[in-house]
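*Asks:* whatever this is, show me its structure:
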Amino acid sequence: MLIVHGRGQAIDSPPNVLRSYLAKWLTQFLEVQAFVSAQPADGGLGATWVLLRRANAPAPITANANRSGGGKEEVG
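*Replies:* Here you go, the predicted model:
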């Protein structure tokens, strides 16, 4: 999937805020396998390619696999 977020018009513009937030946001989804800035022909730094997992593919086991913060049961 290609996400076009733009990169600003001025050469000396501040760092792309949308691109940095997008990078943080995409890491929160187990469905996102990888993402990378697009090639110049596809939008360059103004676009991001996102590789999604197949619906039936198992998600990787990570230290923070339960990102909702829940899952702990209280006994008592």
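
*Asks:* after the lowest-mean-pLDDT helix or strand in the chain, heading C-terminal, what element do we hit next?
*Replies:* Within the chain, no helix or strand scores below helix 17-26, which has a mean of 88 by mean pLDDT, DSSP states H and E. Where DSSP states H and E defines the elements, the next helix or strand beyond helix 17-26 is strand 32-37.

*Asks:* and the next element down the chain from that following strand?
*Replies:* strand 47-52.

*Asks:* hmm, back to that, go through the least confident helix or strand of the chain and flag the buried ones.
*Replies:* 19, 22 (16 or more other CB atoms under 10 Å). (Each C-beta comes from the backbone N, C-alpha and C, glycine too.)

*Asks:* same thing with stretch 39-51?
*Replies:* Applying a neighbour-count criterion of 16+ other CB under 10 Å, one finds 43, 46, 47, 48, 50 buried in stretch 39-51.

*Asks:* gap between the two ends of that stretch?
*Replies:* Across stretch 39-51, the terminal residues are separated by 15 Å (CA to CA, to the nearest Å).

*Asks:* just the mean pLDDT for stretch 42-58, thanks.
*Replies:* In this model, stretch 42-58 has an average pLDDT of 87.

*Asks:* can you list contacts of that stretch?
*Replies:* Stretch 42-58 is contacted from outside by 1-7, 16, 19, 22-23, 26, 30-38, 59, using CB atoms under 8 Å, 6 or more residues apart in numbering.

*Asks:* this completes my enquiry, with thanks.
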